[in-house]
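Engineer: only geometry, no sequence info:
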């Protein structure tokens, strides 16, 4: 996975817009996540990086959603992924029958989430996506 710091790349390296390799990475399915330097360097936040990506590259909501997912999927958090693959096409078998809409999860899913910090963070993220999308409709 390649971490992209859009503001740093623009301000420090002078690489932005169509000169930036981000669209090329995505065209060739290189996993990408947005990140930012320490706020002490350029005083930017991760929110600003997503805003810049949307305004510069006109990314769709599903594209942004996958960039956010990538940041956890490829992270060094301990434990297994919630997802079967990097395309986010299916949940781990322990949670495959569970719903993000439910207030509780099955015992097998709860055990899996308790034992895998990465999966637990991914579950929380998906629940947040679900709640946001439900509100947006």
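Structural biologist: Here it is on my side, so go on. Note that this is a predicted model, so its numbers are computed, not measured. Residues are numbered from 1 along each chain as shown.

Engineer: what residue of this protein is the furthest out?
Structural biologist: Distance from the C-alpha centroid of the chain, by CA atoms, centre = their mean, peaks at residue 107 (26.4 Å).

Engineer: Could I get the phi/psi values of residue 113?
Structural biologist: phi -60, psi -40 (degrees, to the nearest 10).

Engineer: ok, it - how many residues close by?
Structural biologist: Using other CB atoms under 10 Å, residue 113 is surrounded by 23 other residues. For the C-beta atoms, the positions are set from N, CA and C on the backbone; glycine is no exception.

Engineer: pLDDT value on it, please?
Structural biologist: With respect to pLDDT, residue 113 scores 98.

Engineer: where does this protein have low pLDDT?
Structural biologist: By pLDDT under 70, the weakly predicted segments of the chain are 38, 137.

Engineer: returning to that earlier point: so the residue farthest from the centre of the chain versus residue 113, what's the distance?
Structural biologist: 11 Å (CB to CB, to the nearest Å).

Engineer: Look through the protein and tell me its longest helix.
Structural biologist: Longest among the helix segments of the chain by residue count, using DSSP state H, is helix 117-136.

Engineer: That helix packs against which elements?
Structural biologist: Applying 3 or more CB pairs under 8 Å, 6 or more residues apart in numbering; DSSP states H and E, we find helix 117-136 packed against helix 61-73, helix 107-115.

Engineer: and for that helix, what are the contacting residues?
Structural biologist: 65, 68-69, 72-73, 75, 77-83, 92, 95, 100-101, 105, 112-114 (CB atoms under 8 Å, 6 or more residues apart in numbering).

Engineer: Show me which of these are buried.
Structural biologist: 65, 68-69, 72-73, 79, 81-83, 92, 95, 100, 105, 112-113 (16 or more other CB atoms under 10 Å).

Engineer: which one of the residues you listed is nearest residue 52?
Structural biologist: Distance ranking of those against residue 52, using CB to CB, places residue 68 first at 14.7 Å.

Engineer: Please tell me how far that closest one sits from residue 119.
Structural biologist: Distance from residue 68 to residue 119, by CB to CB: 16 Å.

Engineer: got the domain boundaries for this protein?
Structural biologist: Listed by automatic domain parsing, the domain ranges of the chain are 1-75, 78-137.
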